[in-house]
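Student: Sequence and predicted structure, then a few things I'm wondering about:
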Amino acid sequence: MNFESIFQNAIDANLIVNCETGAIMEANMIASQFFQLNRNELISTIFENLFEDEDEISSREEILNVQSFQDNVSIRKHITNNGDVLSFEMLISIIEWNDSNALFVSMRNVTERKANEKKLQDAYVKLEKLSRADPLTELANRRALTESLEYEISRFGRNKENFSIILSDIDDYKQINDTFGHDAGDFVLVELAKFMTQSLRKQDVVGRWGGDEFLIILPQTNIAGGKLLGDKLRTKICERVFIFDEKIIKLSMTFGVSEYSGICSYDNCITNADKALYKAKELGKNKVITYDEL
């Protein structure tokens, strides 16, 4: 089987392009179908003019530079007459054609493959996001919070900037569930998650630590700043009215604050915040206590 027969009967879109002018000198049937142009329309068309998106195709000088393209496979895109965007692999090699050098361009439609790859990538991104988020509140979960704490400790190692941790929970949360039902309890958690997210700085991180407990990480913030924020949140939550199923729910929260200064691990820092929270509960709830006040 000679080259002409292989060229015409290939399953890929094949073109022969003039090295000097960029004009197409030969095209097979698959190329005509691919570009939605008959053979006569393709012949003499300037190769790079087939590509409407300049960002997706190199300049003519680059296209005709055999040293850059020979035996090099690249992914390109073509916009059809009806607006469809096709992805394809393109291989350009130098061949001898009619006693002179020409470019042999072979293109394989990989639109479906690229679409499937994108779906797979999107699914992976979504799965990764879900693995780091609490399903109810959509806040950071323990895994994501732990990663944030590790990042802050790493940053402390570089910049020696302290950060604070606030551990909080809802006072008498069980009573809310018993009185209004578990759906109401979930509603309260979701609303508090929204409120806290809106109340924090961009660099702060809030997540659901478990049950009705929330953990807040405050970069570049000392324990006094952590207490100030905790008290601001506590006051606003006390003033807030939660309405679920036409029923009014009032609640309060208690906060424990600790500071990381490089002396202990983040586990110890969380434990210190938990001790402060426990002490605040002992003192009557609806309070903010720091670890250094114990």
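Tutor: Received the coordinates, thanks.
Student: Please count neighbours and contacts with C-alpha atoms only from this point.
Tutor: OK.
Student: who touches the helix or strand where residue 108 lies?
Tutor: Using DSSP states H and E, the secondary-structure element containing residue 108 is strand 100-109. Under the contact criterion Cα atoms under 8 Å, 6 or more residues apart in numbering, strand 100-109 has outside partners 12-19, 64, 66, 86-96.
Student: quick check: mean pLDDT across that strand?
Tutor: The predicted model assigns strand 100-109 a mean pLDDT of 86.
Student: tell me how far that strand is from the chain's mean position?
Tutor: Centroid displacement of strand 100-109 relative to its chain, using Cα atoms, centre = their mean, to the nearest Å, is 38 Å.
Student: for stretch 131-148, same thing?
Tutor: With Cα atoms, centre = their mean as the basis, the distance from the averaged C-alpha position of stretch 131-148 to the chain average is 14 Å.
Student: do stretch 145-163 as well
Tutor: Computed by Cα atoms, centre = their mean, the chain-centroid distance of stretch 145-163 equals 22 Å.
Student: quick thing: my sequence starts at 15, can you match it?
Tutor: OK, 15 is where the count begins now, so the last one is stretch 159-177.
Student: and stretch 46-58, how far out from the chain's middle?
Tutor: Here stretch 46-58 is found 41 Å from its chain centre; the criterion is Cα atoms, centre = their mean.
Student: Quick one: end-to-end length of that stretch, please.
Tutor: Stretch 46-58 has an end-to-end distance of 13 Å (Cα to Cα, to the nearest Å).
Student: Would you mind pulling the contact partners of it?
Tutor: When contacts are taken as Cα under 8 Å, 6+ apart, the neighbours of stretch 46-58 outside the stretch itself are 27, 37-43, 64, 94-95.
Student: Return the set of buried residues in it.
Tutor: Using 16 or more other Cα atoms under 10 Å as the test for burial, stretch 46-58 gives 46, 48-49, 53, 56-58.
Student: quick one: which two of these are the most distant?
Tutor: With distance counted by Cα to Cα, no two of these lie farther apart than 48 and 58, which are 16.8 Å apart.
Student: quick revisit: identify, from the buried residues of stretch 46-58, the entry nearest to residue 146.
Tutor: With Cα to Cα as the yardstick, the closest approach to residue 146 among the buried residues of stretch 46-58 comes from residue 48, at 43.0 Å.
Student: So which residues of the stretch 165-308 of the chain form strands?
Tutor: Ranges of strands within the stretch 165-308 of the chain are 177-184, 219-224, 227-232, 256-258, 261-263, 267-274, 302-304, based on DSSP state E, counting those that start in this stretch.
Student: Looking at those strands, which is nearest to residue 292?
Tutor: Closest of the strands of the stretch 165-308 of the chain to residue 292 is strand 267-274, at 7.6 Å (criterion: Cα to Cα).
Student: between that closest one and strand 227-232, how big is the angle?
Tutor: Taking axes from the mean of the first three to the mean of the last three Cα atoms, to 10 degrees, one finds that strand 267-274 is oriented at 40 degrees with respect to strand 227-232.
Student: Any chance of the strands of the stretch 165-308 of the chain in TSV with distance to residue 135, mean pLDDT and mean neighbour count as columns?
Tutor: Below are the strands of the stretch 165-308 of the chain laid out as TSV (distance: least, Cα to Cα, whole Å; pLDDT from 0 to 100; neighbours: other Cα atoms under 10 Å):
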stretch	distance to residue 135	mean pLDDT	mean neighbour count
strand 177-184	34	98	26
strand 219-224	26	96	22
strand 227-232	30	98	22
strand 256-258	39	96	15
strand 261-263	43	96	12
strand 267-274	37	98	28
strand 302-304	44	98	26
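Student: Identify whichever of these lies nearest to residue 211.
Tutor: Nearest of these to residue 211, taken as Cα to Cα: strand 219-224 at 6.8 Å.
Student: Give me the domain ranges for this structure.
Tutor: Taking automatic domain parsing as the criterion, the chain consists of the domains 17-128, 143-307.
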